[in-house]
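Peer 1: I'll drop the sequence and a predicted model, then ask my questions.
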Amino acid sequence: MTRTRDETVRPRQGAAAGVPVDEPAQPDRIRRPSDAMRFAASVTGLAAVMLLVSFAKGTAHGLQNDIAEGTAHAPRLLLSLATLVSSFGVLAVPIAFGIERLFHKDGTRVAIALLAAVFATVVTVGLDDLVVPTAPGGVLDSLIWGGTESAPVHTDIAPVIAFVSAVGMAGRARWQAATWVMIGLAALTGLTASYASVSALAATYFLGRAIGHGTLYAVGTPNPRPAGATVVTALERLGLRPKRAARLGDPGGGSEETRRYGVVLAPRPGAGEPGRAARVPSGSGGHGEWDLELHVLDRDQQTAGLLYRVWRLLRLRSTTTGRALRSLRRSLEQESLMAYALDAAGVRTPRLVGTSEVGTEAALLAYEHVPGRRLADVPGDEITDALLADVWRQFRAMQAGRLAHRRLQDGAIVVGADGRAYLTDLRAGETAAGDLALRLDLAQLLTSLALRTGPERAVATAAAVLGEEALAAAVPLLQRVALSRETRTALRRDRDLLTRIREQIVRLKPETEVAPARVERFRPRTIFSIVALSVAAYIVIPQVASLDVGTLASEASWHWALAALGAAALTYVAAAFMLMGFVPERLPLGRTVLVQLAASFVKLVAPAAVGGVAVNTRYLQRTGVRPGPAVASVGASQLVGLVTHVLLLILFGFLTGSTTKATQDLAPSRTIVIVVLSLGLVAGLALTVPRVRRVVAARLRSMFSGVLPRLVDVLQTPRKLLTGMGGTLLLTVSFVLCLEASIRAFGGSLPLTTVVVVFLTANAVGSAVPTPGGLGAVEGALTLALTISGLTAETAASAVLLYRLLTLWLPVLPGWAAFAYLQRREAL
């Protein structure tokens, strides 16, 4: 039965030295993040091989032929010898290694490796004997290039690769070399005998690795972490004599990346009691007096959180992040160097007594124990200005030595029994740090202290020690993305804290630059946009590529195309009426139409809904409308447009289902009901999540704040209400007529109600997708919907191409001209 650290704590005795160590029982097996990542990498490699054989058949065939010709000239005796050796050695070497592991009492690991080999055998035999014969053609057949007797995977070496991957040969170079030489010879034999192709061997390698590491992660690897008794006994290498020890609470509120032990040293002969013993503060378990605090670095924990660190490394600029992956030796050296550097710089920190490896799977750092509490555990009324000033003095000394901590949270600051501040948790520290890293430390510490004491006290005490000039340098970096994960989580409870910190600093130094610094390479929205465009391209490009543009242009009905152009032009007049109707102030029609034309240019560099809102809001402010009412007026027009859009979609969805059979697949009444109910269910479930609910409420509040009073003002003027509602309906009618004329221009014909549903659906998709002008999403939705409604793929693609040309691309140049003109006139 696997034990966990939540079980009753009981003393564990060191077998050799007899040092009692009070710690929870460790689990017998653990799931290492490194195994999961190796499994994911192997699956990715296997997928890459599949793609390669699908799209680069000629290249792979040529490689296969070159290898066949080369081996044909090799001495037959040499090939026969390689075949003989590999046939015996490919199994003999792993078996011998397994026996050797059994003698070293590592039977559990061998059993897991055997299980992985069995899985690999079942999978490869199933592929060769069952899947390929019943599913000829496709990717699997592409792996078979050696003739009818070849196989998509090598059934002899795949189980061996799975066994080797799961059994673990790290640190045993001779065994690794012997095993992989045998596997290589077996692969060469398969090539010369046309039993497997190069791609099949590559697929075999990745499949075996995936099964080996997947089995290891699913079952769990035997726990390689040294027990506390082994760790404490390793202190004797440093000339220290441990008397007893106990496991301490993990730093940072439960992180398992570093184990900590408190150690009492035995008195040296003739020296009496140790010179520096400190009493454990109340609440730490009452283990008595500690002389040392051990930090244990476990090898398997070096990859903990690797995916998050890699994501940060990719997303943020290189100078804002540390290394994503470090070896055990490098982690030990980095923390040691940081501890010595802090001490040399005069920063108050626990003194590093020594370091040592603990076998091959861990290392320790022995610090003098500082009795005290983490700042996170100190009550707010005990955090005095004198304590904050002391924290800032230690920070100033660290900055003077060009040292970056990178984890300056309240858990990294210890308030000693003497009331002074100590900096701890040095595992991410950096020496010879650049200016950006030092400024990031300042922003992090400012935010951490402001979360505990408020921005006023944090800024005031920092300014007294560091000076106003130094604080001003942190303002551009006071942004959520630049802070640690724990700090970003804490900021969810106080979302305007960073703004208040900036305001406090600007009050001290008004000329401070407040524009945020660019620390991101890209934003998550960018990735989403790329994915959306890729999916849309996958849908639209095949349709467009099959079109003969010359033939279409010659066969198109140009009077319908001109009608579509007129309808597209009418949309700008309708949008102008829509805006004018929700603004009590008087707006000139001509200039308002030009603003809508300018918005068609802006929306190519911003999502459609966002670009239009920004341009209209700016226009209203330039005409003399105050910022609050301007935002409310645009929000009112957007809200009425949204409600009208939803009502029209439901109404015409029912009408479409009841008037024609040609569009039953698109929007019959039953389907509309099911879709609406499903969307409502999904939205309801999403709103049960507090975070989603807060985000939606904040977005709606910011978008429609002040909308209701603005609507009341409009309702008091029936003419304005008629103008706004008429513009809203005219805008929809104009777009529908443009799409209808585009369809008829290429000989297509659909009921008008169906065209309305198609337009409303595609427009909703385009507004939801954060791509400029709904690019990609609108094209894909329109093409798919028109095809489902009964148009041929060629006609649907042609109609969509003409419609988007008239409503998105053609207005770009006039929109740019209108934008430039309005800016010169200071109307935008």
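Peer 2: That came through, no problem.
Peer 1: buried sites along stretch 460-470?
Peer 2: 460-463, 465-466, 470 (16 or more other CB atoms under 10 Å). C-beta: built from backbone N, CA, C; applies to glycine.
Peer 1: Pull it out as PDB, backbone CA atoms only.
Peer 2: Only the C-alpha atoms of stretch 460-470 are listed here, as PDB (Å, rounded to 0.1, in the frame of the first residue of the first chain):
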ATOM      1  CA  ALA A 460       6.300  55.400   1.400                       C
ATOM      2  CA  THR A 461       8.800  53.100   3.100                       C
ATOM      3  CA  ALA A 462      10.500  52.100  -0.200                       C
ATOM      4  CA  ALA A 463      10.900  55.800  -1.200                       C
ATOM      5  CA  ALA A 464      12.500  56.600   2.200                       C
ATOM      6  CA  VAL A 465      15.200  53.900   1.600                       C
ATOM      7  CA  LEU A 466      15.600  53.700  -2.200                       C
ATOM      8  CA  GLY A 467      14.600  57.100  -3.300                       C
ATOM      9  CA  GLU A 468      11.900  58.300  -5.700                       C
ATOM     10  CA  GLU A 469      14.100  57.900  -8.800                       C
ATOM     11  CA  ALA A 470      14.500  54.100  -8.100                       C
END
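Peer 1: if I look at the residue lying closest to Q504 once chain neighbours are set aside, how far off is R493?
Peer 2: The shortest distance from Q504 to any non-neighbouring residue, by CB to CB, 6 or more residues apart in numbering, is to V459 (4.0 Å). As defined by CB to CB, to the nearest Å, V459 lies at a distance of 20 Å from R493.
Peer 1: more crowded one of those two?
Peer 2: The neighbour count for V459 versus R493, taken as other CB atoms under 10 Å, is higher for V459 (24 against 8).
Peer 1: count of neighbours near the nearest residue to G429 once chain neighbours are set aside?
Peer 2: Residue nearest to G429 in three dimensions, not counting chain neighbours: M338, with 3.4 Å by CB to CB, 6+ apart. Neighbours of M338 under the rule other CB under 10 Å: 24.
Peer 1: Check the offset of the host helix or strand of M338 from the chain's centre.
Peer 2: M338 belongs to helix 328-344 when elements are defined using DSSP states H and E. Chain-centre distance of helix 328-344: 30 Å, with CA atoms, centre = their mean, to the nearest Å.
Peer 1: before we move on, what about stretch 750-757?
Peer 2: Relative to its parent chain, stretch 750-757 has a centroid offset of 41 Å by CA atoms, centre = their mean.
Peer 1: what about the most centrally placed residue in the chain, which helix or strand?
Peer 2: The residue at the geometric middle of the chain, judged as the C-alpha nearest the mean C-alpha position with CA atoms, centre = their mean, is W311 (5.5 Å). Take DSSP H and E as the rule and W311 turns out to sit in helix 306-315.
Peer 1: Next: R393.
Peer 2: With elements taken from DSSP H and E, the one containing R393 is helix 385-400.
Peer 1: what's the angle between that helix and helix 328-344?
Peer 2: Computed by axes from the mean of the first three to the mean of the last three CA atoms, to 10 degrees, the angle separating helix 385-400 from helix 328-344 equals 120 degrees.
Peer 1: can I have helix 385-400 written out in CSV, keeping just the CAs?
Peer 2: As requested, the backbone C-alpha atoms of helix 385-400 are provided in CSV (Å, rounded to 0.1, in the frame of the first residue of the first chain):
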residue,chain,number,x,y,z
ASP,A,385,7.2,50.7,9.2
ALA,A,386,10.6,49.9,10.9
LEU,A,387,10.3,46.3,9.7
LEU,A,388,9.4,47.4,6.2
ALA,A,389,12.3,49.8,6.1
ASP,A,390,14.6,46.9,7.1
VAL,A,391,13.3,44.8,4.3
TRP,A,392,14.0,47.6,1.8
ARG,A,393,17.5,48.1,3.2
GLN,A,394,18.3,44.4,2.6
PHE,A,395,16.8,44.8,-0.9
ARG,A,396,19.0,47.9,-1.5
ALA,A,397,22.1,46.0,-0.6
MET,A,398,21.1,43.1,-2.9
GLN,A,399,20.5,45.5,-5.8
ALA,A,400,23.9,47.2,-5.1
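Peer 1: Beyond it, next helix or strand please.
Peer 2: strand 413-416.
Peer 1: Next, the contact list for G89, please.
Peer 2: 178, 181-182, 185 (CB atoms under 8 Å, 6 or more residues apart in numbering).
Peer 1: between those, which is closest to S80?
Peer 2: Distances from S80 to these, taken as CB to CB, are shortest for L185 (11.8 Å).
Peer 1: which element is that closest one on?
Peer 2: Assigned by DSSP H and E, L185 belongs to helix 173-192.
Peer 1: How far away from the center of its chain is that helix?
Peer 2: From the chain centre to the centre of helix 173-192 is a distance of 38 Å (CA atoms, centre = their mean).
Peer 1: and that helix, which residues are buried?
Peer 2: Across helix 173-192, burial judged by 16+ other CB under 10 Å covers 175, 178-179, 182-183, 185-192.
Peer 1: Output the contacting helices and strands for the helix or strand hosting S742.
Peer 2: Assessed by DSSP H and E, S742 sits inside helix 718-745. On a contact count with 3 or more CB pairs under 8 Å, 6 or more residues apart in numbering; DSSP states H and E, helix 718-745 meets helix 558-581, helix 627-659, helix 707-715, helix 752-768, helix 793-804.
Peer 1: Of the ones you listed, which is nearest V414?
Peer 2: In this view, those are compared for proximity to V414 by CB to CB, and helix 627-659 is the closest at 47.6 Å.
Peer 1: how much does that closest one deviate in direction from helix 752-768?
Peer 2: Taking the same axes, to 10 degrees, one finds helix 627-659 and helix 752-768 inclined to each other by 140 degrees.
Peer 1: re earlier: and the pLDDT at the residue nearest to G429?
Peer 2: For M338, the pLDDT comes out at 96.
Peer 1: Verify the contact between it and D425 for me.
Peer 2: No - no contact is recorded between M338 and D425 when judged using CB atoms under 8 Å, the distance being 10.1 Å.
Peer 1: E826 and A473, how far apart?
Peer 2: 35 Å.
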